[in-house]
Each structure stands twice: as C-alpha cells, then as structure tokens.
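>>> what shape does this take:
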Amino acid sequence: MLGVELLSSLGLVRQLPLLLLSAAALVAFGIVLRRRHRDGAPPVWSRPAHPVLLGCLLLIGGTTLLVALVAAPNSWDSMTYHMARVAQWYDHGNVEHYYTAIDRQLWQPPFGGYLVLLGYGGLGGRDYLANLPQWIAGVGAVLVAMEIAARLGASQRSGYVIALFTATAPAVILQSTSTLTDLLGGFWIACAAWLALAQYLAPKFTGKDALWFGLALGLALGSKGTSIPLGLPWLVLFLLPALRPFRPRAVLLQAAAIALAILVLCGSQYLRTIALYGNPFGPEAVQRMLRPASMDPPALVSNLVAHLSLQLGTPWSGVNELHTRAVAGIHSALGVDLAVLYPYFGGFRIFAWSFAEDIAGNLIHTLLGMVAIAFLIAGWRRIPRPERVMAGGFVAGVLLFGMTVRWQPFIARLHTPTLVLLAPCLLLALERKFPRFAAAALCAAMLMALPPLFQNTLRPILPAHSMGWSGIQPRSILVESREAQYFAMRPELQRPYQSAVEALSRRQCRRVTLVARYDSWEYPLWALGRTHALGFTHQESLKGRASLTPGLAGASCATVVLDHPADWRPGYLAPEVTPRFSSPSVTVWP
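Here you go, the predicted structure:
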C-alpha cells in the first residue's frame, strides 16, 4: 500500500513501476517465509490433515481459483467504482482524487483497489488478475482461522474442521472470485484477532508487537470502512494485558505504535478525503444513510434483527413469509416502524436463498453460530478462558456492527468478516463437546456450499436458474465471451456500450469526456475501449471538487453520456448538432 502511495506521489503509477513493486512484494514475502522456516515454525499447511477434509478444502480452493482467473469482474460495485477507479488511477498515473459524479470512487477505502491495480497496471490495463486479491484473501482467511484454533489448543483435525467451516461459508466462496473488498477486510480483521489473542496469551508489551497489530488493523481500515466496529474489540483485547494490571508506560507505548501504523498506512487517503469532504469517511449525506436512524434501544434491536434476517433466507417462499411475519411481529412489539427505519432501496424485505454475492445468506453457519452462542452461555464457566475471550470479542464486534451500520437489502456481504471469525471464535467449543453434531453440520455446510461454488449467479461454471436476481441467467464462464461477462447483471447494456465504443473508434477519438450519474456503469467503457486506447475523464462537477489530476494527455474530442434523459445535451454544442450514437443508456456526442 505504501509502495502504491509512493509511486503515486511521483506520478509513476505505470506498468513498469507497478511490475517492479509487485516483484519486490513477492520477494519480501518469500524472505518472510524463509525466515519462518529457518526459525523452526512450520507453515500451517504443512501439518498432517484428515484426507477428506483436505480434499474438500482443495476442491473449494481450486474451483474458486478457476473462477477468479477465468471470469471477468462484473459485480455492480465493480462496474460503478471498484474497477472504474482502478482504471482512472492507471490512466492518471496517480491515486489522487479527481472529478467524478460517482464519488464512491474517491472516499471508499482504497487498499483493495491498490492490490487490483498491481495486476491491472502490470498487465498494461487488463483485468485478468482483478479477482485474484480476493481469492488470496480467502485462502488467508482460512489459514488464519486455523491458526486461531491452534492458539486455542485445537487438535490437528479440529483445526481442519474449523478451516472447512470457514471455507464453506457462501459469502467466502462468492467473494473469493470478485473484486469486492469485504473478504479482504475480513482477512485483516482475522489477522488482528489472531495477534490480539497471541498478546493476551503471552503478553510482551513491546512496540514491535503493537506495530504488527496496528498494521493489521490499518490494512483492515484501509480495505473496508466497517472494519472500525469489527476491529474495536480486538484492539481492546490487545491492550487488555497492559490495562489489567494497569501499566501506563506499556499502554502508551502500544497505543502510540498502533496509532502510528494506522496513520502511516491510511494517512494519505484520510488527508485527501478530509480536504474534499471535511471528514475522513466521505459525504455526510451518505454517512447518514449508512448509520442507524436512531440510537434508541428499540431502533438498535430492530437493526440487529434486520441484519440477522439477511442470513436466514431459504429456498422456500412459505418459510420466508413466516420469517417476514416474525420480523414484523418483533418490530410491532418494539413499537417501531420498519418503513421509517429502513426507507432506502425499496424498504425492508427478505431475499430467498441466493448465489449472488451481494445478497447471499449463510444459513447453516448462522444457525450453527446461534446454537454455539447458546452452548457457550449455558456452559460459560466450563469453557476455557481464552475461548470465552474470543467468543466475547466476536459477539462484541457483531453488536457494535449492528449499532453503527444500518440494515440495507444488499449488504449481507458486509457480514463476511464475521463469517471468517465465526468458526474459530464460536464453533471450536461446540466441535470439541459434540464432535458428531459438528461433523453432521459440516456435511450440511459442504452440501450448501456446492451451489454457490459452481452456480455463482454472475460467474457460473454450471449455469442455473437465477437465484435472487430476476432475469439474470448468464452462460458458463467457460464458454461465455469476456465482453459478455462484464454485462452478466445488465445484459441489455452490452450492445449500446459496444456501439458507443465503435462510434468513438471510427472518429479516432482517444480522450473522452464522461458525463455519468451516481450509479452509472463506467468500467465497461474502459474494458471495451482498451483495444482502442480510449481514456475517459469525468466532467467537472460539484460532487468532485478535487483538483484534476495531472498527466491527462490530450484534449477531449467527444462526450459520452450515461443514464441521462433523452433530451439532455452538452451545453457547448449548437442546437443543430446531433449525437453520433444514441440509446436510452449511452449517448455519444461529437
């Protein structure tokens, strides 16, 4: 992350510097592994494994790797801002803020995009490796879950059971093949939890250990904003040995080291965003929409119930209807109105079981987590203290998340970090006490993992009828063209976008002004225009008050308009000028 920021400050976010930075990162990683091996610490994957459990892990890892490498990035957020801002950064040669109507490209945490940028820029503006960072994060999340279990005294077999519970979560499977950043944030939160547990079990009170923890927490914050409530309990756990008994010097040293690591990693992005919006988290209007409507206890309980409902959708409409009535009954008892608390995105509703990464629930894992919490409460005093501490940290993170993030219908994916920590923090005690029950639950989880593994709604290996998104039935990624894959969620846009790029190519236009709306699909223009060396610069707007970044070569020779009314036209054109191409979604003006 610091390497990308350094290259940006020099205006060197270009192919060769990015390749050199990637090579340096790989060399550094190799050195760390070699030192670990030299110090006698065997890597987690070298431990003997139960062959069936290992085989299931390899099936999930290999299949998701195939999808990640073959499939084009095509989620809604990828098309509007994840991939679009990567293309803008590479085009500008830096990661400074720029004019845009899609301001999520600016204020959303950028570290996931930086990782994508390494592959995108290294391949000269091609996105064949765009999904790989999330896949690596998925592998890392499984390994960290095993390490947490090992720290808690799990046997080798129990460690692999915990790993497989983590790997079979639909959220982990689906996100490991995308450019979303929830799994990446979950990986770094899990690293922070592991470091906090290590400090709790064997306190050292050194600045070095605090720096490592601060780096993990800083990377989580720089990857996903929801890491703030999810990471706070692990910060408290890390500092707890110095607080009880109180050691002022140790607390000050560790807190300073953690703060320094976070500021070094995230400071540049925070400063850019503060300069633009007056705070490090983005526009106030968006933040008000994301926060709960009220901090009153009934509203907070409502938000927790609403979040839980995201994970409990089933394939059966009758069951989902009963679920809806139960949620409505709870809100009636609380004396709150669902329509008032959740007025955005069409209001409160429950999705059926789905294989779409934005709305996919994790039914088996959630129900098992609820059983584990009940078991832990019932046998609290008999559970070893470290396991109680980890369970408490997990539950505290879930509660803080529910208190700070308002329910929305499309944010089941934001729960991914909790799915990463669910197995090592909650299920280990249950697996030890009731191994047969855990084995049966693991079999059910593996069976439930197969549909999202092979029939991902947007990136299927084996196409199936749409689950959760009406009208979306893409062909297998093994036979579908990469161009068509970009439009799997909105196939009606493919032909207009292709025609717009062809019109620009015929005019031999290279630098294009882009007029977009807040949720316009910008990235397909970059993907389709790559072979024609097209570059798109957002029209100056009030939403993007930042200074234009340097290095934009050439004056604009055309304007592409996305999602505007049919009678909209650029103000600089004479009334008699007609568009070179026109459709309801895309218009090209000379």
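>>> C-alpha only now, for contacts and for neighbours.
Noted.
>>> residue 508 is in contact with residue 556, correct?
No - counting by C-alpha atoms under 8 Å, residue 556 does not reach residue 508; the two are 11.7 Å apart.
>>> give me the more crowded residue out of the two.
Using other C-alpha atoms under 10 Å, the more surrounded residue of residue 556 and residue 508 is residue 556, with 17 against 13.
>>> any idea how far residue 571 is from that one?
For residue 556, the distance to residue 571 equals 15 Å [C-alpha to C-alpha, to the nearest Å].
>>> show me the contacts for residue 243.
residue 251 (C-alpha atoms under 8 Å, 6 or more residues apart in numbering).
>>> look at it and report its pLDDT.
Looking at residue 243, its pLDDT reads 89.
>>> any stretches of this protein with poor pLDDT?
36-49, 465-472, 541-554 (pLDDT under 70).
>>> and the longest helix for it?
Counting residues, the longest helix found in the chain (DSSP state H) is helix 248-277.
>>> chain center to it, what's the gap?
Centroid separation for helix 248-277 versus its chain: 22 Å, with C-alpha atoms, centre = their mean, to the nearest Å.
>>> any buried residues in it, and which?
Under the neighbour-count criterion of 16 or more other C-alpha atoms under 10 Å, helix 248-277 has 250-251, 254-263, 265-267, 269-270, 272-274, 276-277 buried.
>>> break the chain into its domains for me.
The chain breaks down into these domains under automatic domain parsing: 2-290, 297-433, 489-589.
>>> so for residue 454, which of those sits nearest?
Minimum separation from residue 454 across these (C-alpha to C-alpha) falls at domain 2-290, 7.9 Å.
>>> gap between the two ends of the closest one?
One end of domain 2-290 sits 29 Å from the other (C-alpha to C-alpha).
>>> could you do stretch 570-585 as well?
16 Å.
>>> ok, and what's touching it?
Taking C-alpha under 8 Å, 6+ apart as the rule, stretch 570-585 contacts 493, 496, 499-500, 503, 559, 562-566, 587-590.
>>> select from these every entry located in helices.
Those of the contacts of stretch 570-585 lying in helices (DSSP H): 496, 499, 500, 503.
>>> using CSV, list the CA coordinates for stretch 124-140.
C-alpha atoms of stretch 124-140 as CSV (Å, rounded to 0.1, in the frame of the first residue of the first chain):
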residue,chain,number,x,y,z
GLY,A,124,-1.0,-2.9,-19.2
GLY,A,125,-4.6,-2.1,-18.3
ARG,A,126,-6.0,-5.6,-18.5
ASP,A,127,-8.2,-7.1,-15.7
TYR,A,128,-7.3,-10.8,-16.0
LEU,A,129,-5.9,-10.8,-12.4
ALA,A,130,-8.5,-8.4,-10.9
ASN,A,131,-10.3,-11.1,-8.9
LEU,A,132,-7.1,-12.7,-7.6
PRO,A,133,-6.6,-10.4,-4.5
GLN,A,134,-9.9,-11.5,-3.0
TRP,A,135,-9.1,-15.2,-3.7
ILE,A,136,-5.8,-14.8,-1.9
ALA,A,137,-7.7,-13.1,1.0
GLY,A,138,-10.0,-16.1,1.1
VAL,A,139,-7.0,-18.5,1.4
GLY,A,140,-5.5,-16.3,4.0
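>>> the stretch 251-400 of the chain: helices as residue ranges?
Using DSSP state H, counting those that start in this stretch, the helices assigned to the stretch 251-400 of the chain run over residues 284-290, 297-309, 317-334, 338-341, 363-378, 385-404.
>>> next up, the contacts around residue 363.
With contact set as C-alpha under 8 Å, 6+ apart, residue 363 has these partners: 311, 312, 313, 314.
>>> okay, now the second one: neighbour count?
Here the number of neighbours of residue 312 (other C-alpha under 10 Å) works out to 22.
>>> what's the answer for the last one, then?
Per other C-alpha under 10 Å, the neighbour tally for residue 314 reads 18.
>>> not counting residues beside it along the chain, what's closest to it?
Among residues not flanking residue 314 along the chain, residue 353 sits closest, at 4.6 Å (C-alpha to C-alpha, 6 or more residues apart in numbering).
>>> do the first one as well
Using C-alpha to C-alpha, 6+ apart and skipping residues adjacent in sequence, the residue nearest residue 311 is residue 361, 4.0 Å away.
>>> the one you found: what's it in contact with?
With contact set as C-alpha under 8 Å, 6+ apart, residue 361 has these partners: 170, 171, 310, 311, 312, 313, 353, 354, 412.
>>> likewise for residue 172?
Per C-alpha under 8 Å, 6+ apart, neighbours of residue 172: 138, 166, 183, 416, 419, 420.
>>> separation between the last one and residue 362?
As judged by C-alpha to C-alpha, residue 420 and residue 362 stand 12 Å apart.
>>> ok, the fifth one next?
Relative to residue 362, residue 419 is positioned 8 Å away (criterion: C-alpha to C-alpha).
>>> and if you look at the second one?
Residue 166 sits 11 Å away from residue 362, taking C-alpha to C-alpha as the criterion.
>>> then the first one?
Look at residue 138 and residue 362: by C-alpha to C-alpha, they are 16 Å apart.
>>> next one: the third one
Here residue 183 is placed at a distance of 14 Å from residue 362 (C-alpha to C-alpha).
>>> between the two, who's got more neighbours?
Set residue 183 next to residue 362 and count neighbours by other C-alpha under 10 Å: residue 183 wins out with 36 against 27.
>>> I'd say the more buried one and residue 173 touch.
No - at 9.6 Å, residue 183 does not count as touching residue 173 under the criterion of C-alpha under 8 Å.
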